[in-house]
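Visitor: only geometry, no sequence info:
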């Protein structure tokens with residue numbers, strides 16, 4: 001019996017050791033991690049990726065990996081909470097124009113077989129000073145119709161050379177091939193059915209953004225000259241390479257008007273312009289922070305703010321905050337998970353995970369996700385750095401190879417020279433012998 005137990009014990013020990021080694025190998029690619037607070041219950045969770053994680057990760061955050069307490073990888077998706085205001089128009093064939101007595105006009109539109117999603121129409125009608133009700137229906141076949149919008153209102157008024165108009169109607173996002181638009185006459189101002197001049201179908205996406213904002217130390221300034229004029233420069237250090245799209249400056253001066261420019265300053269020899277304009281405040285105005293919005297978001301560690309003062313005193317900047325669209329990490333626990341959850345990061349060379357979960361994100365967010373929080377950054381004790389190239393591990397080797405190569409080349413040249421001299425001496429001896437004969 002003891003002979004049977006011993007092999008079983010050894011096999012079990014080997015299996016446990018193998019599992020530990022696999023787990024350590026799986027987690028050894030990342031130098032840092034943070035713990036993520038969560039309940040073990042199933043559900044969709046999210047948290048805002050903090051600055052101390054972004055500063056040690058890749059710009060696209062493709063190196064992030066989320067594991068549970070048993071080192072099972074958890075798929076996730078990153079949402080960049082940038083404000084969106086986009087509008088795309090579609091070509092639609094208008095047919096079946098009709099009037100329904102004196103009370104309404106109607107048109108049908110065909111968006112084609114390969115139509116995209118749409119959620120808004122722009123309706124141009126005849127007349128002025130009106131308020132008209134609009135009904136919109138959708139259909140896949142052109143025979144069976146479903147109501148998309150009922151009793152929406154468009155209007156147009158003019159007075160004293162000024163006009164006010166609202167002719168856009170939105171409806172739930174749809175893929176219907178056919179749309180039917182009915183415009184009812186204004187009971188007070190229309191004596192006949194209004195003419196529908198044109199209908200434009202479009203997809204409008206409007207999403208309010210969310211910013212991550214952090215305090216930045218106000219650096220000492222430098223006095224410079226900008227095209228011959230006195231100027232002041234502040235080199236602002238974020239502490240790590242992070243995304244930034246705007247700066248908020250608390251300026252103590254009561255009134256000012258100064259040209260400025262902000263440059264990416266990670267490489268002082270090659271600064272890049274991020275924003276320019278004027279900082280201004282009138283006497284008596286409320287001292288709101290001055291907001292500088294970059295032309296586009298930039299991943300950077302240092303920026304330089306340069307203000308042209310001319311003959312004025314340097315502005316007194318008492319506080320600086322930086323902002324960028326928030327990065328939200330969304331994940332789903334499909335079954336009770338082992339805690340704690342840990343987010344690993346800091347591997348600049350690992351490839352992106354491309355989880356299928358990214359494609360399902362819209363459906364997952366139909367109900368608000370559960371909010372999680374993130375702790376402080378920790379060093380991963382299981383991290384194994386990638387070996388340096390052989391020439392960096394043994395830097396003296398290249399000098400040794402060069403020295404040996406030099407010695408070998410010298411020996412070859414010496415041998416060639418000696419053989420040439422020996423041949424010349426032999427030729428001279430032969431010529432001397434022939435002359436004496």
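Guide: Great, that's in hand. The shown structure was predicted, so the numbers you read here are calculated from the model rather than taken from an experiment.

Visitor: residue closest to the middle of the protein?
Guide: residue 80 (5.6 Å; C-alpha atoms, centre = their mean).

Visitor: Find me the pLDDT at that one, would you?
Guide: What the model reports for residue 80 is a pLDDT of 92.

Visitor: list the contacts for it?
Guide: 325-327 (C-beta atoms under 8 Å, 6 or more residues apart in numbering). The way it works is simple: take the backbone N, C-alpha and C, and place the C-beta from them, glycine included.

Visitor: Over the lengthiest helix in the chain, what's the mean pLDDT, rounded is fine.
Guide: Secondary structure of the chain per DSSP state H: the longest helix is helix 396-436. For helix 396-436, mean pLDDT is 76.

Visitor: roughly how far is it from the heart of the chain?
Guide: Offset of helix 396-436 from its chain centre (C-alpha atoms, centre = their mean, to the nearest Å): 66 Å.

Visitor: Over to stretch 217-230?
Guide: Offset of stretch 217-230 from its chain centre (C-alpha atoms, centre = their mean): 32 Å.

Visitor: Span of it from start to end?
Guide: 24 Å (C-alpha to C-alpha, to the nearest Å).

Visitor: who touches it?
Guide: Stretch 217-230 is touched from outside by 231-237, 306, 308-311, 314, 317-320, with contacts defined as C-beta under 8 Å, 6+ apart.

Visitor: got a list of what the nearest residue to residue 57 once chain neighbours are set aside touches?
Guide: Excluding its sequence neighbours, the residue lying closest to residue 57 (C-beta to C-beta, 6 or more residues apart in numbering) is residue 345, at 4.6 Å. Neighbouring residues of residue 345 by C-beta under 8 Å, 6+ apart: 30, 32-34, 53, 56-57, 61, 63-65.

Visitor: In helices, which of those appear?
Guide: Per DSSP H, the subset of these in helices is residue 53.

Visitor: any idea which of the contacts of residue 345 is closest to residue 197?
Guide: When these are ranked by distance to residue 197 (C-beta to C-beta), residue 61 comes first, at 48.7 Å.

Visitor: residues near the closest one, how many?
Guide: 18 (other C-beta atoms under 10 Å).

Visitor: Correct me if wrong: it contacts residue 55.
Guide: No: contact criterion C-beta atoms under 8 Å: residue 61 and residue 55 do not qualify, at 11.4 Å.

Visitor: still on that earlier bit, against residue 297, how distant is the residue nearest to the centre of the chain?
Guide: 9 Å (C-beta to C-beta, to the nearest Å).

Visitor: what do those two both touch?
Guide: residue 325.

Visitor: How about stretch 412-424, which residues are buried there?
Guide: Across stretch 412-424, burial judged by 16 or more other C-beta atoms under 10 Å covers no residue at all.

Visitor: List of residues touching it?
Guide: By C-beta under 8 Å, 6+ apart, stretch 412-424 touches no other residue.

Visitor: Could you pull out the buried residues of stretch 107-117?
Guide: Using 16+ other C-beta under 10 Å as the test for burial, stretch 107-117 gives 107-111, 115.

Visitor: wait, I meant stretch 273-289
Guide: Going by 16+ other C-beta under 10 Å, stretch 273-289 has these buried residues: 274-275, 279, 281.

Visitor: what do you get for stretch 316-334?
Guide: For stretch 316-334, by 16+ other C-beta under 10 Å, it's 317, 320-333.

Visitor: of the residues you listed, closest to residue 134?
Guide: residue 325 (35.5 Å).

Visitor: And the helices in the chain?
Guide: Counting by DSSP H, the helices of the chain are 2-27, 51-54, 361-364, 390-393, 396-436.

Visitor: Now tell me which helix or strand of this structure has the poorest mean pLDDT.
Guide: Lowest mean confidence among the helices and strands of the chain (mean pLDDT, DSSP states H and E): helix 2-27, at a mean of 44.

Visitor: neighbours around residue 303, how many?
Guide: 26.

Visitor: Mind checking which of the buried residues of stretch 107-117 land in strands?
Guide: 107-110 (DSSP state E).

Visitor: Could you report the pLDDT at residue 205?
Guide: pLDDT, residue 205: 87.

Visitor: now the one 10 residues further on
Guide: At residue 215 the predicted local distance difference test score is 96.

Visitor: excluding its backbone neighbours, what's nearest it?
Guide: Residue 215 sits nearest to residue 321 (C-beta to C-beta, 6+ apart), 5.6 Å away.

Visitor: Who does that neighbour form a beta bridge with?
Guide: residue 215, residue 248 (DSSP bridges).

Visitor: Please verify my assumption that residue 378 contacts residue 33.
Guide: Yes: look at residue 378 against residue 33 with C-beta under 8 Å: they come within range, at 5.6 Å.

Visitor: between the two, which one's more packed in?
Guide: Taking neighbours as other C-beta under 10 Å, residue 378 and residue 33 compare with residue 33 leading, 24 against 11.

Visitor: mind listing what the more buried one touches?
Guide: Contacts of residue 33 (C-beta under 8 Å, 6+ apart): 342-345, 377-378, 380.

Visitor: cool, residue 93 as well?
Guide: 109-110, 112.

Visitor: For this protein, give me the ranges with low pLDDT.
Guide: Along the chain, the parts satisfying pLDDT under 70 run over 1-25, 387-397, 427, 430-437.
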